[in-house]
Structure formats: structure tokens, C-alpha cells
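>>> kindly return the folded structure for what I paste below:
(2 chains)
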Number of protein chains: 2
Amino acid sequence: MKESITPRATDFSEWYQDVIDAADLAEHGPVRGTMVIKPYGYALWEATQKYLDTKFKETGVQNAYFPMLIPESFLKREEHHVEGFSPEVAVVTYAGGKELEEPLVVRPTSETIMYDVFSRWIRSHRDLPLLINQWANVVRWEMRPRLFMRTTEFLWQEGHTAHATEQEADERARQMLEVYQRFAEDVMAIPVIPGQKSESEKFAGALHTYTIVAIMQDGKALQFATSHNLGQNFAKAFDVKFTDESNNSAYVWQTSWGLSTRTIGGLIMVHSDDKGLVLPPRIAPIQIVIIPIWRDEETKEKVLKKTEELRDELSVFARVHIDARDGRPGEKHYHWEKKGVPIRIELGPRDVDNNTMVLVRRDNGEKILTEGKDFGKVEEALGDIQNNLYAKALARNEQKIKKVDTWDEFKQAIEDGFAVLAHWSKDAGVEQKIKEETKATVRCIPFNQEMESGKCVYSGEPSEGRVLFARAY
Amino acid sequence: MKESITPRATDFSEWYQDVIDAADLAEHGPVRGTMVIKPYGYALWEATQKYLDTKFKETGVQNAYFPMLIPESFLKREEHHVEGFSPEVAVVTYAGGKELEEPLVVRPTSETIMYDVFSRWIRSHRDLPLLINQWANVVRWEMRPRLFMRTTEFLWQEGHTAHATEQEADERARQMLEVYQRFAEDVMAIPVIPGQKSESEKFAGALHTYTIVAIMQDGKALQFATSHNLGQNFAKAFDVKFTDESNNSAYVWQTSWGLSTRTIGGLIMVHSDDKGLVLPPRIAPIQIVIIPIWRDEETKEKVLKKTEELRDELSVFARVHIDARDGRPGEKHYHWEKKGVPIRIELGPRDVDNNTMVLVRRDNGEKILTEGKDFGKVEEALGDIQNNLYAKALARNEQKIKKVDTWDEFKQAIEDGFAVLAHWSKDAGVEQKIKEETKATVRCIPFNQEMESGKCVYSGEPSEGRVLFARAY
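Predicted coordinates for the structure are as follows:
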């Protein structure tokens, strides 16, 4: 591991990799593009799973598990889907000591295998809505891998639902996007922009794709999660039909929605600083670390006793870790700073005698002196850190997203590392040209904006509102 | 789905498949040998995960995630390992639109990829013990698939640890076997026989394999979980070394241990009856189902109100589900019986008027009348069902495991559907011959038995104790 973390201003990509190394979150696997998620990084995914799984179940979703190996022919049944995914799939051609008659695709996503099964599960309107989620690994071959952000294999959840009406399906797709938004904003403290994807950026096979977009510190956008209104495209391809109350047969309306380990990449890129990882308390595996400091055996015993008391008291409302390893306090201080633990408490013999302690906030370095058993201050500090990180990221979004009205402004802003809100006539050819000239793409057509007529920043054609353009991870 | 469940006495295999269908637990996937785990079946796996994950963490184990795709060359580094797994692996030869330079194996287990990584993680004795677990899917090509019991892809956890001494590794392997035994006996109500595997049956690459064996209702044995003392075999193959306190370099001592979705197959086969699934309360996704019964709108309102009150009161200590669907009570009764819910409460207008209710136990059909808010009886019934199922299975084990002393007795007992405890001299050639002649194999050399000298039931050679032989799933 390198001794120090490359500053963001020097090289943002290198900084990102250094933060991951220094916090011991993950590393590259032996096969190009794969990732080993180390225990501290995996704990972030476990916290993500715990929150989302509860929220999904509150809306009536049930978990299930579908096979990872999909007959190649399934992928081909929906024409847009096969076009979108074929170049990325890994294919098993050989198994059990023999060449297979039909190659099997390692799932890049599970629409095809699930809906083949759904076509047998769904018979009548009484079987609807069908609300299924799966926690799984998926494989999409990556040419430009980056830990968490783009890996050949990643972990995610994929929800798949079937409904009797178009409206109900669309409402479900938007409802799940909102669950993702609450997770991003309330748990990861990442303000996001919800909106719809352009036709060229939508999911291969979807009618509409909804997304929440997060802006990184370098002004690039990250697709945090997506939710698709699939219409009846897959229902027709896989013959997923139901009989309604009047005994008529009809295709179901479907949705799918997913959030993956790349959100951890976003978490790292949004909050961390040149000293290393910074974690919002609600997602932090350890919220408070206590570092006992002693001079000799006598003070060691006294301090350790107090440290354990304190841990038990703070554990009522927080996840607390004691670092009582041998080693210099300064080293431990840097160790936990790099791991982004929200609050550090260094407890020495004098603190024990005076019945005081000093909290140090990871987000802004502020020191808070507390006396006696004033644990309210500790709890308050955790809340403040959560809010502060969100507010900081929100303020940065406002600064990093520029409204531009001319093509020159557009190009300059993108070049300078901004995301932009600009008019665009929804012409796919123009979108493609903008991409070629600036590497910026339509990240979303935001839901929440004043409708404002204007002229496409590139073509001058009439436009009904601004869309978010940015370079993207 | 078939109308009725084949009785066990008619065809045990068909009965097993019928119970799974009737309870809506799982079905075959489109690729031979694969399985779709349906929500009710997956809920059993979620309960398994929740219990084990907590217990593992209590012993200091941390979760992580390693890539599923393993370079083929890794598998070949430990000679016994490659011999054991080569015939079963699925191989990716094509990915991202190109043929791969080196084929990639879909993990059948993760020793090789993890220990390649461990060799870089472990430097000094301060890095030990390393205690890692992973929840994952694995693929082993199955020629004779059976839902849950043998599927080409299955879900499991695999723990992998590294230690400074042989003794510590062996203790860890035995400790984890005990966690599995507690889960089998305390949660799934399945009495198991802990022991060691014979040399020919041990894990490919292990020094010793420990196992817990469960006996099914047909007298066949199921390997419920295994824990391996790997010695230094993999450490040498993957160069996993540490420097001890005297600065000497040494290979680590390792263990691995796993439990999979096949335990759900065991759960089904041990407790279920000719009416369908029977679930012990501690693993049951729904412990109590309330079926409201009404005559008209007026009684419907009254009964539903009381049902909801009851649900709220029982939910304090139990997982409760109300089945208020339209439909005949008799149909609902059979529906939940087939799903093995431990307690059924049918609540009608007269029960509401009299402030009484009748519990019906799934395990033995017993009816328990309760009055007022005597919920102690409900809680007691749940405990009784758990204990009764365990006691019944234990009594059956005693009846199904025969001590035999002659080769004729041995053959007859196996043919009659028993497991046997017999003397064997630990000669692998004899073990092979017994297998060929009876299809019975050494399931384990039990830990808990009186050492008793005798003569091998087949060869007459001296033996130090009895081992468990049975046909196996």
C-alpha cells in the first residue's frame, strides 16, 4: 500500500483508488475486472441490504432466487434486450466434462429467466400483482473496470413485478425509485436528481427508465439506481398473460429495478477527502471508535475499564469499536481517520480522572468536550455529521450543476468539470453529436423542474425543458 | 400441480417432490439441474442465514465477497482438489464477445481463489487468525438432480480461516461443526450424528473432514454440513505464509466449512408427512395462521376486527399471518396444512362472542381450546411443537439406526432401509467393496461412541469402533 493518499486536485482517479486501499474496502481480483470485497467494504453492502430489504418487504415484495445460468436463446427473445446485452455476456460452453448443446449465459440481469418462469406462475388477475426481488451476483464484461464503479461481476438486487394495468406498473416503478432516493439521501447522505432517461440511454427492452443521478466531487455523474417501466415488451416476448375479471386474456405490465455495489463507489466519491474515507453515520459499520491511551500498567487497567464502560453505554444508540491494540495512539488515529469512522474518542488517564472526554468529528475535525455522562452530545454529533455531509454534498451539487444556454457555454462547462442543465429537443441524433463532441450524455430528464420553453443548446430546435448533461462514471 | 400428495409408503421420492410442489417451495429451472427457489422456500433460507450469520459473527468471523470466476489454473494447484472438482465444473470460455485466453471456472467452492488472495493479506502472526465467511452461489454439474438436495447451482455459505497452529485450526473446524449442530438440532429440530469422514469420503484437499449426518424418514443419510481441517495443503499450494513472533516464516493452518440450501431438503424429508410439509416453529416463516370465518357482512366485520386484534397480540412473540382471502375455509385449511404452518386458528363469530379460540397443531392434529387472553398456551404450544418434532425425529433415528455384527445382517438392514453401526477396519478397499455390493457408504466415524474393539463386518480384520454406514442423498 502507498504511504499517502494522492490529493483529489492532483488526480481524482488515483485519489479514489488510494482511498479504497487506505480504508481496506476492496481490491482487484485475479481475473481482470473482478473485485474482492474486503470485510470493511462488505459491511457497507450489508448495511445497504438491511435497509433496502426491509423497505422492499414493507411494500409487499418477497425475495426469491432464480438460476444464474440462462439458455442463450432466452436472451434473444426480446430484440432490444439481446442487442443491449450480447456484447457484455460471459458464456459457459463446457460443463460436467462435456461441451454443452446450448451455451449458457451467466446472467447479466434476470428479466429473461424470470419472465419465462412468470409465464407459468401467472394465470389469473388473482396472481397479480406479483412482486419479486432477488439478491444476486451478475456478470457484465467490462472493458474499463474500476473498483465498485464498474466490475465484471457485481452484487445487486433486482426487483421484478407484474401488474394488471399500465398505470399500476408505472406507479410501482416510480415507488421503487423513491425507495432508492430515500436510501441515497437519508442513509448515504447523497442528494440525487430523480428523472427519466432519454430513449437512447434507457434500459434495453424498457418502455421508460427512471433513474436517480448523483454528482461526484469531480462533476461527473453516477447512475445511482434505475427503475424500469417495461410496458408489455417482455410479457409479449415470454408470453406472460393473465385472465382478467371478465375472463379476457391480456399481457401483464411489468417493472424491474436494481441497485448495486456501485453505490458504494458513489458513497466513497461523494464524501471522502484527502485524508481518506468519510462515512455518514447511518451507513458506517463503526460509528464511534474509542482509542484508550495509557502510560503504564496501572493507568492501562484504569483506562481500559473506563473504555469498556463507555462502550457499553454508547452501544445503546451507536455501533462502537474499541481499538485496544498495542501500538502508538497516533497510528491508530490515522488508521481510523482513513477508514472514515464518524467519531473518534481518545481516552487517557486524565480524562478518566476528570470524567471528561473529547469527541473528534471525522467530517470537519471539530472537537467536542463532554463531561460526565452527557451522551446526548454524542448522539447529537452523529445526527449533525449525517446532516452536515448531506448539506455539503447538496451545496456542491448546486455549485457543480450549471445552467447553460449556448453551445460555447456548454462545452466550456463540461470541459471545466461541471454538469449542466441545458435545453435539448429530444433529438437522438443531436444527443449523439453532443456525446461525440464533449463526452457528455443525457443523465436524466429531471422530474422536478419548472417547465420552461427554450431552444436546444446544440440545434436551436424548440425544447420544453432542461435536461441534465454530464460526463458519467 | 397434482391434486394429492403421493404417500411416503408408496414412493418416497415422489412424495418428496409432491410436498415441495404442494408447499410452493421451489421448482426446476429451464436448464437441467437448476432450481428456482420460490418465496416460501427462500424464506426458509433467509431464516437459516439470519441464525448462522449471527452465530458466525459471535465467534469473530467477518463476511467478505470473492469473485465467482476462477482462472482454471488455480484449480490445478492442489492435486487432490483438482481431481475432486474437475468433473463437476462449469467453464466460461467466451466473454465480452471474444474467446478467453484462459478459461474461467465458475466456483464450485472458493478455496483456490480465496487462498491466492490470503497469501497477500497474511504477512505476520498479527494477521492471524483470519476468519472470513462468504454467502454465495456455487455451481457443480449434477447428473442426478433433485430439488434442494442436489442442484447444479446452489446457495451456501463458505467459511475460510487461517491460523498459526495446527491445534487452533482443528479447534476452529470443530467449533464451526458445533454451530451447525446447534442450528440443525435447536432450529431445524433435526438430531444429527457428528463425526469424521473416512479418507475416501473427505473433502478433496482436506486433512480431516468433520460432518454432521441426519437420517431421513426412509433411512437414507444426508450430509447436513461439513467442516474441514485443511492442514497446510492449500497453504503450500498457494504459498500462504506468516512470520511468527520469533521472525520465522511458516505456512498457516487452515479450515473451511459450509452449509447449503440442501439442508432445506433435509428439513422437508425429516418432518413432513403424507399431508404435506411440517415445519418446526423456529424456522417457520409463518408460525401461526389465523383463518377468519364469517357468514355475512355483519359477522365478517366483527370477525375481521377480532382477527386483527389477535394478530397484533400474538405478534409480540410469534410470526402471524391472516388469511382473509375470499374462498372456503376448508380450502384455506388444506392450503396452510400443506405449507406446514405449526399452528392454525380458525376464528368464527361464535368464538368472538364466547371470547374463545381453538388452536390446531400441525405436527399432531391436537386441538387446544383457549379462553380470553390466555396467550401463554399459544406460546407453550409453539415450544411443544418444536420439542415434539425433535423428539420424534430422535426416536426415529434410534429405530432407523441398527447395530449389526455380521455381513448378512448388514446387507439385510441396508436393503430394508436402515442405517447401520458396524465395525470396519478403516480399509479403503473394503469400504469400496461394501459400496459396490450394497450402495451404502461410510457416512461418518461418530465422535460420541464407546470405543469397543471388534471385527470388521466385511473382512473380519480388527476394528476399534463402529462407524455409520448408510445409503445417502
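>>> pretty sure A:Ala43 sits in a strand.
No. Assigned with DSSP: H, G, I helix; E, B strand; the rest coil, A:Ala43 falls outside any strand and is helix.
>>> just the C-alphas of the helix or strand bottoming out on mean pLDDT in chain A, formatted as CSV.
Lowest by mean pLDDT, DSSP states H and E among the helices and strands of chain A is helix A:79-85, with a mean of 87. Listed next in CSV are the C-alpha coordinates belonging to helix A:79-85 (Å, rounded to 0.1, in the frame of the first residue of the first chain):
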residue,chain,number,x,y,z
GLU,A,79,-34.8,-7.8,-29.6
HIS,A,80,-33.6,-4.7,-27.8
HIS,A,81,-32.6,-6.7,-24.8
VAL,A,82,-30.3,-9.0,-26.8
GLU,A,83,-28.8,-6.1,-28.7
GLY,A,84,-28.0,-4.3,-25.4
PHE,A,85,-26.5,-7.2,-23.5
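>>> whichever helix or strand comes after that helix and chain B in contact?
Counting by DSSP states H and E, the element after helix A:79-85 in chain order, helix or strand, is strand A:90-95. Yes. Strand A:90-95 comes into contact with chain B (Cβ under 8 Å from any Cβ of the partner chain), by way of A:90-95. Backbone N, C-alpha and C define where each C-beta goes, glycine included.
>>> so how far is stretch A:385-396 off the chain centroid?
Mean-position distance between stretch A:385-396 and its chain equals 17 Å (Cα atoms, centre = their mean, to the nearest Å).
>>> kindly state the beta-bridge partners for the closest residue to chain B within the stretch 151-300 of chain A.
Going by Cβ to the nearest Cβ, chain B is nearest to A:Glu153 of the stretch 151-300 of chain A, at 5.7 Å. For A:Glu153, the beta-bridge partners are A:Val139 (DSSP bridges).
>>> contacts only, for it.
A:33-35, A:137-139, B:67-69 (Cβ atoms under 8 Å, 6 or more residues apart in numbering or on different chains).
>>> A:Glu461 too?
A:Glu461 touches A:425, A:427, A:430, A:455, counting by Cβ under 8 Å, 6+ apart.
>>> return the distance of it relative to A:Phe66.
Using Cβ to Cβ, to the nearest Å, one gets 44 Å for the distance from A:Glu461 to A:Phe66.
>>> ditto for A:Pro87
23 Å.
>>> out of the contacts of A:Glu153, who's nearest A:Tyr390?
A:Met35 (27.5 Å; Cβ to Cβ).
>>> once you drop chain neighbours, what's closest to that closest one?
Once flanking residues are discounted, A:Met35 sits nearest to A:Thr151: 4.4 Å by Cβ to Cβ, 6 or more residues apart in numbering or on different chains.
>>> show me how chain A divides into domains.
Using automatic domain parsing, the domain parsing of chain A gives A:12-271, A:288-384, A:401-470.
>>> could you tell me the end-to-end distance of the second one?
So the one you mean is domain A:288-384. 14 Å (Cα to Cα, to the nearest Å).
>>> same check, this time on the last one
End-to-end distance of domain A:401-470 (Cα to Cα): 9 Å.
>>> show me where chain A has its helices.
All helices of chain A, identified by DSSP state H, fall at A:12-23, A:39-58, A:72-75, A:79-85, A:111-121, A:166-182, A:233-238, A:262-271, A:297-314, A:329-338, A:349-354, A:376-400, A:407-415, A:428-438.
>>> least confident of those, on average?
Sorting these by mean pLDDT places helix A:79-85 lowest, at a mean of 87.
>>> show me what counts as buried in that one.
A:81-82, A:84-85 (16 or more other Cβ atoms under 10 Å in any protein chain shown).
>>> for the residues you listed, name the two members farthest from one another.
Going by Cβ to Cβ, the pair spanning those furthest: A:Val82 and A:Gly84, at 7.3 Å.
>>> now do the shared contacts for the two.
Shared contacts of A:Val82 and A:Gly84, counting by Cβ under 8 Å, 6+ apart, come down to A:Ala204.
>>> how about the residues of the stretch 151-300 of chain A that lie near chain B?
A:152-153, A:155.
>>> out of these, who's nearest A:Val19?
A:Leu155 (20.1 Å).
>>> mind listing what the closest one touches?
Under the criterion of Cβ under 8 Å, 6+ apart, the contact list for A:Leu155 reads A:37, A:45, A:135-137, A:260-261, B:65.
>>> gap between the nearest residue to A:Thr307 once chain neighbours are set aside and A:Lys367?
Leaving aside its chain neighbours, A:Thr307 sits nearest to A:Pro292 (4.4 Å; criterion: Cβ to Cβ, 6+ apart). To A:Lys367, A:Pro292 is 18 Å away according to Cβ to Cβ.
>>> pick out whichever of those two has more residues nearby.
More crowded of A:Pro292 and A:Lys367, by other Cβ atoms under 10 Å in any protein chain shown: A:Pro292, with 26 against 9.
>>> you'd agree that one is up against A:Val303?
Yes. Using Cβ atoms under 8 Å, A:Pro292 is in contact with A:Val303, at 4.6 Å.
>>> now do the shared contacts for these two.
A:347-348.
>>> got the contact list for the residue in the stretch 101-250 of chain A that chain B sits nearest to?
The stretch 101-250 of chain A approaches chain B most closely through A:Trp141 (3.2 Å), counting by Cβ to the nearest Cβ. Applying Cβ under 8 Å, 6+ apart to A:Trp141 gives the contacts A:33, A:87-90, A:152, B:95-97.
>>> need the worst-confidence member of those.
A:Pro87 (89).
>>> for the residue nearest to that residue when sequence neighbours are not counted, what are phi and psi?
Once flanking residues are discounted, A:Pro87 sits nearest to B:Gly97: 5.1 Å by Cβ to Cβ, 6+ apart. The phi/psi pair for B:Gly97 (degrees, to the nearest 10) reads phi 80, psi 10.
>>> how many other residues sit next to B:Gly97?
11.
>>> before we move on, what about the one 5 residues further on?
Around B:Glu102 sit 11 other residues, with neighbours defined as other Cβ under 10 Å.
>>> from memory it sits against B:Ser73, does it?
Yes. Counting by Cβ under 8 Å, B:Ser73 is a contact partner of B:Glu102 at 6.7 Å.
>>> between the buried residues of helix A:79-85, which is nearest chain B?
Nearest member of the buried residues of helix A:79-85 to chain B, counting by Cβ to the nearest Cβ, is A:Phe85, at 11.2 Å.
>>> quick one: contacts for that closest one?
Contacts of A:Phe85 (Cβ under 8 Å, 6+ apart): A:75, A:108-109, A:140, A:204.
>>> ok, now A:Ala22?
Neighbours of A:Ala22 in contact, by Cβ under 8 Å, 6+ apart: A:1, A:5, A:276-277, A:338-339.
>>> quick revisit: residue contacts, the residue nearest to A:Pro87?
A:86-87, A:141.
>>> any idea how far B:Gln232 is from it?
In terms of Cβ to Cβ, B:Gly97 sits 42 Å off from B:Gln232.
>>> again with A:Val316
45 Å.
>>> compare these two (neighbour count), which wins?
B:Gln232 (17 against 9).
>>> how far away is the more buried one from B:Ser110?
18 Å.
>>> A:Gly41 too?
Distance from A:Gly41 to B:Ser110, by Cβ to Cβ: 17 Å.
>>> quick one: the closest residue to A:Ile37 other than its chain neighbours and A:Gly41, what's the gap?
Of all residues not flanking A:Ile37 in the chain, B:Tyr65 sits nearest, at 4.1 Å (Cβ to Cβ, 6+ apart). Applying Cβ to Cβ, the value for B:Tyr65 to A:Gly41 is 9 Å.
>>> and for those two, which residues touch both?
Between them, B:Tyr65 and A:Gly41 share no contacting residue, judged by Cβ under 8 Å, 6+ apart.
>>> for the residue of the stretch 301-450 of chain A found nearest chain B, what are its contacts?
Here the residue of the stretch 301-450 of chain A nearest chain B is A:Arg325; by Cβ to the nearest Cβ that distance is 8.6 Å. Contacts were defined as Cβ under 8 Å, 6+ apart; by that measure A:Arg325 touches A:Lys332.
>>> alright, calling it a day.
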